[in-house]
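A.B. asks: dropping a prediction and its sequence here:
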Amino acid sequence: MSAKSVSGEAKRMKAAVFREGKLKLVRDYPVPVPAKGEALIKVLQAGICATDLEILKGYMKFEGVGGHEFVGQVVRTSEASLADRRVVGQINCVCGQCDMCSSGLSNHCRNRTVLGIAGRDGAFAEYLVLPQDNLHVLDEKLTDEQAVFVEPLAAALQIVKQVSIDKRWKIAVLGDGRLGLLACQVLARDNRSVLLVGKHRHKLLVADKKGIRVSLVDEVVGRNDYDLVVDCTGSPTGLKLAVKMVRPRGTIILKTTIAAPVECDLSPLVINEVRLIGSRCGTFSDAIEALSSGEIDISGLISRTFPLERIDEALKFAAEPDSIKVLLRMQA
């Protein structure tokens, strides 16, 4: 048990709660009580993700405290090595017993809950609970701002775990938002031809300054000749563009999760024998190392930071086309 108390053993906290497609800041939400094997974490900062914006539209029919990208400090735990440590946490909470867990696919656990997305209150609150096994201790050289990017960077790194990248490939990343800007950096480590395609000049400039080739959507040249196309658009139109760009027997990685229906002619996938791969969560330890070493640079990716009390304003700002990454500061 940590020696530190929770706000003098406070039982209530501020939390941003999704209910019936709306979000409300609740000032007397119950502080969660960790179950056996779980830790109580004081949230320091949290990131607003495209998934959070989709939840507002009805994605996953989630109700509860939102948010899954966070950095926090452990304040109650039965594991001495975690006491009072600054941590990030994997968002999938698994049973460890089903066929998926037994076969090494625990991220697809049949009985999982997902932080701030499915069946488990998330990080838009002063405190959250996660299994101790989900937590990763951070060293001091990693800032809180960098740490918030561990979860989305892990998702970007999952691309190279699912597909072996050939240095000779032509690669396009679609979408100049937070995930696209991370994914293009990940892919550019092993391939100099990576092209980031987007709609916003100032966002593309962030990648350009990091040595990534960029292009506005309307200026893309060459179609059906990309070996790998990664859809990070967060838009129903992203897959349609990816299908137009990928070459026969090429690969499309789909990172977009949206509540809206996708209208796309899928016949070219069959005719051209294209692989379509869904891609979700990745390995946190790899993301922490990439950020700590400076291999992945988040400079230029944070648009604004808001206090939790201004969550409504923060979500609206995050949904603006000019916004890249918006952070929430939980503690005064």
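C.D. replies: Great, that's in hand.
A.B. asks: what about G47, helix or strand, and which?
C.D. replies: strand 38-48 (DSSP states H and E).
A.B. asks: again but with L327, I slipped
C.D. replies: Counting by DSSP H and E, the element that carries L327 is strand 325-329.
A.B. asks: again, but for Q146
C.D. replies: helix 144-148.
A.B. asks: and if you look at G250?
C.D. replies: Using DSSP H and E, G250 sits within strand 246-254.
A.B. asks: for that strand, name the packing helices and strands.
C.D. replies: Contacting strand 246-254 under the criterion 3 or more C-beta pairs under 8 Å, 6 or more residues apart in numbering; DSSP states H and E are the following elements: strand 226-231, helix 238-245, strand 275-278. Backbone N, C-alpha and C define where each C-beta goes, glycine included.
A.B. asks: just the buried residues of the helix holding Q146, please?
C.D. replies: 145-148 (16 or more other C-beta atoms under 10 Å).
A.B. asks: and it, C-alpha only, in PDB?
C.D. replies: Extracted as PDB, the C-alpha positions of helix 144-148 are listed here (Å, rounded to 0.1, in the frame of the first residue of the first chain):
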ATOM      1  CA  ASP A 144       4.400  14.000 -19.000                       C
ATOM      2  CA  GLU A 145       3.600  15.400 -22.500                       C
ATOM      3  CA  GLN A 146       5.700  12.700 -24.200                       C
ATOM      4  CA  ALA A 147       4.200  10.000 -21.900                       C
ATOM      5  CA  VAL A 148       0.600  10.900 -23.100                       C
END
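A.B. asks: average pLDDT across that helix?
C.D. replies: Helix 144-148 carries an average pLDDT of 98.
A.B. asks: give me the residues contacting that helix.
C.D. replies: Under the contact criterion C-beta atoms under 8 Å, 6 or more residues apart in numbering, helix 144-148 has outside partners 44-47, 69-71, 86, 88, 138, 291, 298, 302, 327.
A.B. asks: quick one: list the elements packing against the top helix by length along the chain.
C.D. replies: Ranked by residue count and defined by DSSP state H, the top helix of the chain is helix 150-162. Packing partners of helix 150-162 (3+ C-beta pairs under 8 Å, 6+ apart): strand 69-76, helix 178-188, helix 284-292.
A.B. asks: follow-up on the earlier one: dump the contacts of helix 144-148 to TSV, plus neighbour count, distance to N111 and pLDDT.
C.D. replies: TSV is the format used below for the contacts of helix 144-148 (neighbours: other C-beta atoms under 10 Å; distance: C-beta to C-beta, whole Å; pLDDT from 0 to 100):
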residue	neighbour count	distance to N111	pLDDT
L44	20	30	98
Q45	21	30	98
A46	30	25	98
G47	26	27	97
E69	30	23	97
F70	31	23	98
V71	28	27	98
R86	19	29	98
V88	26	23	98
L138	21	29	97
L291	21	31	97
I298	21	34	97
I302	17	35	97
L327	22	31	98
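A.B. asks: pick out the most distant pair among these.
C.D. replies: Distance extremes for the contacts of helix 144-148: the farthest pair is R86 and I302 at 18.6 Å, using C-beta to C-beta.
A.B. asks: does R85 touch V75 like I think?
C.D. replies: No. The pair R85 / V75 is not scored as a contact, 10.2 Å apart, by C-beta atoms under 8 Å.
A.B. asks: picking that back up, format the contacts of helix 144-148 as a markdown table; extra columns: distance to M100.
C.D. replies: As requested, the contacts of helix 144-148 are exported to a markdown table (distance: C-beta to C-beta, whole Å):
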| residue | distance to M100 |
| --- | --- |
| L44 | 32 |
| Q45 | 31 |
| A46 | 28 |
| G47 | 27 |
| E69 | 24 |
| F70 | 25 |
| V71 | 28 |
| R86 | 31 |
| V88 | 23 |
| L138 | 28 |
| L291 | 29 |
| I298 | 32 |
| I302 | 35 |
| L327 | 33 |
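A.B. asks: between those residues, which sits nearest A314?
C.D. replies: The nearest member of the contacts of helix 144-148 to A314, counting by C-beta to C-beta, is L327 at 8.3 Å.
A.B. asks: low-confidence stretches in the stretch 151-300 of the chain?
C.D. replies: Scanning the stretch 151-300 of the chain for pLDDT under 70 picks out the ranges 222, 259.
A.B. asks: pLDDT at the residue lying closest to S106 once chain neighbours are set aside, what is it?
C.D. replies: Nearest non-adjacent residue to S106, counting by C-beta to C-beta, 6 or more residues apart in numbering: V94, 4.5 Å away. With respect to pLDDT, V94 scores 97.
A.B. asks: residues near V94, how many?
C.D. replies: 22 (other C-beta atoms under 10 Å).
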